[in-house]
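[1] this one's structure only:
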């Protein structure tokens, strides 16, 4: 996998970008001037990032993942969250009932487009081949299993799976202890100049 140099990352024209950011030379950005990327973020091959997207720190977007927002919505991912291979976060969709026409070749007055932002909390995870629909926020520590379809918000620290995705069990919170140790290690080693947001809960 080939990553862009710091100079080439700057040429994408992102609204802002932090330190230690790895972006594949095969990733695609639409309206990059609306996209914010924090520190220690990695975006792999064939990812598509569009419109209003905010990626905080220590985030991985895996191969073929798509984060697609529109001008009226935002996709925001908090620290230590991630999106696995071939997954989709989508903040808008046409009405498929037959009461309206669909697809972007049709003028808006003949369509009904539902739009709602998506927020992924700290340590939130989206499994391989999973689709997150408009407004289906992912609470802190929640994980959505592979090949799932999330249509409603996911509660914090639950593991979801299925079509539609439903909670199947609690997720362990040991990662919060590991997060604290990780941050201390980074600071003690002074290996990276990063701005990791402090937890307030």
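    Thanks, I have it. This is a predicted model, so every value here is computed, not measured.

[2] Now do the buried residues in the longest helix seen in the chain.
    Using DSSP state H to define each element, the chain has its longest helix at helix 174-189. Within helix 174-189, the residues that count as buried by 16 or more other Cβ atoms under 10 Å are 176, 179, 183, 186. (C-beta placed from N, C-alpha, C; glycine too.)

[3] by contact count, what packs against that helix?
    Contacting helix 174-189 under the criterion 3 or more Cβ pairs under 8 Å, 6 or more residues apart in numbering; DSSP states H and E is no other helix or strand.

[4] wait, what's in contact with the most centrally placed residue in the chain?
    For the chain, the residue nearest the mean C-alpha position is residue 77 (4.9 Å; Cα atoms, centre = their mean). Shown here is residue 77, whose contacts under the criterion Cβ atoms under 8 Å, 6 or more residues apart in numbering are 54, 55, 56, 59, 83, 120, 124.

[5] what do you get for residue 137?
    Contact analysis of residue 137 by Cβ under 8 Å, 6+ apart lists 118, 119, 120, 121, 153, 154.

[6] Could I have the PyMOL command that selects the buried members from the residues you listed?
    Command for PyMOL that selects the buried part of the contacts of residue 137, burial taken from 16+ other Cβ under 10 Å:
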select buried, resi 118+119+120+121+154
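
[7] Quickly note the distance from residue 6 to residue 12.
    From residue 6 over to residue 12 the distance is 11 Å, taken as Cβ to Cβ, to the nearest Å.

[8] Look at those two and report which has more neighbours.
    Regarding residue 6 and residue 12, a neighbour count based on other Cβ atoms under 10 Å identifies residue 12 as having more, with 16 against 12.

[9] tell me the pLDDT at the closest residue in space to that one that isn't next to it in sequence?
    Distances taken as Cβ to Cβ, 6 or more residues apart in numbering put residue 32 closest to residue 12, at 5.0 Å, once the chain neighbours are dropped. With respect to pLDDT, residue 32 has a value of 98.
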